[in-house]
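S.K.: here's a sequence, model it:
(one chain, ligands or ions: 1)
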Amino acid sequence: MPMPGEAARDLYGRLRSFLPGVALDVGCGVGSVAAGLGGPLVLLDAVDLRGPLASDFPFVLGDACALPFASASVGGVHLARVLHHVSDWRLALSEARRVVRPGGAVAVTLGGRMFASALAPLRDAVFEEGQRLGIAGAHHVHGPTGYEDVDSVLGAGEVVEVAFPQFDTPRQVAVDAAGHPYAWLPGQDLSPLQAVAERLLAEWEADPDEPVEHERVISYRVYARGND
Ligand SMILES: C[S@@+](CC[C@H](N)C(=O)[O-])C[C@H]1O[C@@H](n2cnc3c(N)ncnc32)[C@H](O)[C@@H]1O
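M.R.: I've put the predicted structure just below:
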């Protein structure tokens, strides 16, 4: 579910203030975050996934672990929900820092699993059951386990986050987790996960179709690049 407009403007406005001038959105996906970040932005992804949301920005096909940019050449790097997908997340962070000029910053969010939610145990149960069935999750494969891991490469980061209420039914959460294209490594048969979701919903103690208000937190760490 997208962020409400006001929360998005607040979050992306604050992030933008750390990313002066031209920034790179590395692992941009279809560009939904890029569309919110705005400003002078270059999108980069390992595959050309650009959707209409971000078609106005220049796009570079490239690898987060070998950025095709000179050292100290951009004002900032934005990495949203990417580190769990790359072959070497430490290298991707080092690359991000390399291309940022002094005065700029690297902004990182590890994304989905990090938000607090009353429905998080249901979503996590789908992920855990899937892994037990041998279906490889895109998360926890080779990504950082938390922001402490990111800090170990980039130093202490500044927390930038927004929290907002969101309404989801348990069914939406379970079905989304079972079929989410970014949650599972591509090329696998995800159909057993639908049965997992149905079973977990049958065991859920509340009405699976009753919307639940829960707090969603989108959390970033921003790593300023000093003169080193
Ligand atoms: C979960 S999506 C996140 C998309 C977007 N940043 C967002 O937050 O909506 C992860 C993206 O990382 C890209 N990606 C994976 N490995 C990459 C790599 N080595 N270099 C650049 N992008 C990569 C994928 O193609 C995918 O678009």
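
S.K.: what's near enough to touch residue 33?
M.R.: Shown in contact with residue 33 (CB atoms under 8 Å, 6 or more residues apart in numbering): 12, 25, 78, 80. Any C-beta I mention is one placed from the backbone N, CA and C, and that applies to glycine too.

S.K.: do that again at 6 Å, thanks
M.R.: The neighbourhood of residue 33, defined by CB atoms under 6 Å, 6 or more residues apart in numbering, consists of residue 80.

S.K.: nearest to the ligand: which residue in this protein?
M.R.: At 2.6 Å from the ligand, residue 29 is the closest residue in the chain, using CB to the nearest ligand atom.

S.K.: nearest residue to that residue in space, please, no chain neighbours.
M.R.: residue 49 (5.5 Å; CB to CB, 6 or more residues apart in numbering).

S.K.: so what pLDDT did the one you found get?
M.R.: What the model reports for residue 49 is a pLDDT of 78.

S.K.: first-to-last residue distance for stretch 180-193?
M.R.: Stretch 180-193 has an end-to-end distance of 11 Å (criterion: CA to CA, to the nearest Å).

S.K.: so how far is that stretch from its chain's centroid?
M.R.: Averaging C-alpha positions (CA atoms, centre = their mean, to the nearest Å) puts stretch 180-193 17 Å from its chain's average.

S.K.: that one: which residues count as buried?
M.R.: Residues of stretch 180-193 classed as buried by neighbour count (16 or more other CB atoms under 10 Å): 180, 183-184, 193.

S.K.: show me which of these is closest to residue 201.
M.R.: Lowest distance from residue 201 to those (CB to CB) belongs to residue 193, with 12.4 Å.

S.K.: for that closest one, pull up the helix or strand it's in.
M.R.: Under the criterion of DSSP states H and E, residue 193 resides in helix 191-203.

S.K.: for that helix, packing partners?
M.R.: Judged by 3 or more CB pairs under 6 Å, 6 or more residues apart in numbering; DSSP states H and E, helix 191-203 is in contact with helix 120-132, helix 170-179.

S.K.: which residues does the following helix or strand past it contact?
M.R.: Downstream of helix 191-203, the first helix or strand assigned by DSSP H and E is strand 212-224. With CB under 6 Å, 6+ apart as the test, strand 212-224 has contacts from 18, 105-109, 114-119, 147, 154, 157-158, 160-167.

S.K.: redo that, cut-off 8 Å
M.R.: Under CB under 8 Å, 6+ apart, the answer for strand 212-224 is 3, 7, 11, 15, 18, 97, 104-109, 114-119, 147, 150-151, 154-155, 157-170, 206.

S.K.: name the stretch among the helices and strands packed on helix 191-203 that sits most buried.
M.R.: Greatest average neighbour count among these goes to helix 170-179 (a mean of 21), per mean count of other CB atoms under 10 Å.

S.K.: quick check: residue 204 touching residue 121?
M.R.: No - contact criterion CB atoms under 8 Å: residue 204 and residue 121 do not qualify, at 9.7 Å.

S.K.: what is the least confident helix or strand in this structure?
M.R.: Counting by mean pLDDT, DSSP states H and E, the weakest-scoring helix or strand in the chain turns out to be helix 32-37, with a mean of 86.

S.K.: packing partners of the first helix or strand past that helix going along the chain?
M.R.: Remark: after helix 32-37, the chain's next helix or strand is strand 41-45, criterion DSSP H and E. Judged by 3 or more CB pairs under 8 Å, 6 or more residues apart in numbering; DSSP states H and E, the packing partners of strand 41-45 are strand 23-26, strand 59-61.
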